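J.: Predicted model and sequence below, questions to follow.
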Amino acid sequence: MGDEIYYDSWKENRDIILEYNQVTLDDVNIVNILGIAVDNVSRDQSIVKVMNMIDNRGLYHIIFLNPYKVQRMKFNSDLRLIYGKASMYLTNGAGLQWAAKMLGSSIKERIPVLSFMMDLIRIAEMKEHTIFLVGGKAEIVERAFFNIRKSFPKIRIVGRHGGYFGTDREKAIIEAIQKSEPDIIFVGLGFPKEDEWIYKLKSELKHGVIISVGGSIDIISGMIKKAPPYFMTRGLDWFYRIFTRPWRIGRLFMVIIFFLNVIFKKLFKRK
């Protein structure tokens with residue numbers, strides 16, 4: 001069995017709702033990186049935008065971006081279509097901050113997926129929003145559910161399913177989501193599978209904020225270790241994952257191509 005994880009909010013003794021209500025979105029804008037738009041928001045602003053989405057009762061898809069994903073999207077028309085229909089694009093990889101600066105712009109903040117999830121779960125507990133989890137093996141999503149409930153006892157998780165499913169099981173998962181009508185759906189199937197599935201899922205739902213969270217459900221379960229602090233604070237958790245999983249070395253080549261494209265574009269702009 002994996003380690004038990006307990007999450008304490010750094011805002012534990014503060015009026016979180018009041019703080020978020022005071023966050024302004026006036027300076028939110030879009031930064032273009034190699035033809036891919038990225039929302040230039042702080043972590044608090046991203047949470048406020050999600051709160052507004054929930055209140056609006058619409059249907060939304062949030063994608064976290066890093067250099068690897070941007071490079072894949074540039075050369076895959078299907079992914080660009082999915083990306084074009086999403087509602088918010090958040091900076092996860094530090095490489096995007098570097099790229100924005102190289103190209104004469106800036107991105108306020110890198111938003112780690114796990115931290116974003118914990119902030120959102122904290123708010124969901126206080127505002128009684130409902131959550132649905134999809135991702136990981138069955139035992140992993142159960143363990144993640146246990147750890148979240150331990151940290152946030154009043155959280156309303158209305159459903160959870162593992163991320164390995166066939167056509168029949170997929171139908172049951174979609175029906176469960178339709179029936180429970182969650183406010184927030186965390187989907188961790190890995191890129192690009194999770195975004196492709198979310199694009200399909202959206203056609204079956206009326207409202208909800210669906211968020212691509214990659215391997216964060218696995219980390220919350222305690223059965224998969226997150227990157228050490230050195231890598232996390234520098235936005236190099238992606239490099240740690242490649243280093244510890246050599247079969248993903250192809251991703252490193254894609255990231256290198258991304259960096260070269262940014263450098264070439266900067267040189268071209270100077271001429």
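T.: That came through, no problem.

J.: Straight-line length of stretch 175-192, end to end?
T.: This stretch, stretch 175-192, spans 23 Å end to end (C-alpha to C-alpha, to the nearest Å).

J.: Give me the mean pLDDT for that stretch.
T.: Summarised as a single mean, pLDDT over stretch 175-192 is 97.

J.: what do you get for stretch 223-243?
T.: The pLDDT scores in stretch 223-243 average 72.

J.: element containing Met51?
T.: Per DSSP states H and E, Met51 falls inside helix 43-56.

J.: buried residues in that helix?
T.: 43-51, 53-54 (16 or more other C-beta atoms under 10 Å). Heads up, the C-betas are built off the backbone N, CA and C, glycines and all.

J.: could you redo the residues you listed as a markdown table and give each row pLDDT and distance to Ser77?
T.: Listed next are those as a markdown table, based on pLDDT from 0 to 100; distance: C-beta to C-beta, whole Å:
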| residue | pLDDT | distance to Ser77 |
| --- | --- | --- |
| Arg43 | 94 | 32 |
| Asp44 | 95 | 35 |
| Gln45 | 97 | 31 |
| Ser46 | 97 | 28 |
| Ile47 | 96 | 32 |
| Val48 | 96 | 33 |
| Lys49 | 97 | 28 |
| Val50 | 97 | 28 |
| Met51 | 96 | 33 |
| Met53 | 98 | 27 |
| Ile54 | 97 | 31 |
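
J.: Need the max-distance pair from the residues you listed.
T.: Using C-beta to C-beta, the two most remote members of the buried residues of helix 43-56 are Arg43 and Ile54, lying 17.2 Å apart.

J.: ok, and what's touching the host helix or strand of Asp195?
T.: Counting by DSSP H and E, the element that carries Asp195 is helix 193-202. For helix 193-202, contacts defined as C-beta atoms under 8 Å, 6 or more residues apart in numbering pick out 59, 61, 63, 78-79, 81-83, 85-86, 135, 174, 177, 185, 187-189, 210, 212-214.

J.: separation between the residue positioned nearest the centre of the chain and Leu96?
T.: Residue closest to the mean C-alpha point of the chain, counted by C-alpha atoms, centre = their mean, is Val213 at 3.9 Å. Val213 sits 18 Å away from Leu96, going by C-beta to C-beta, to the nearest Å.
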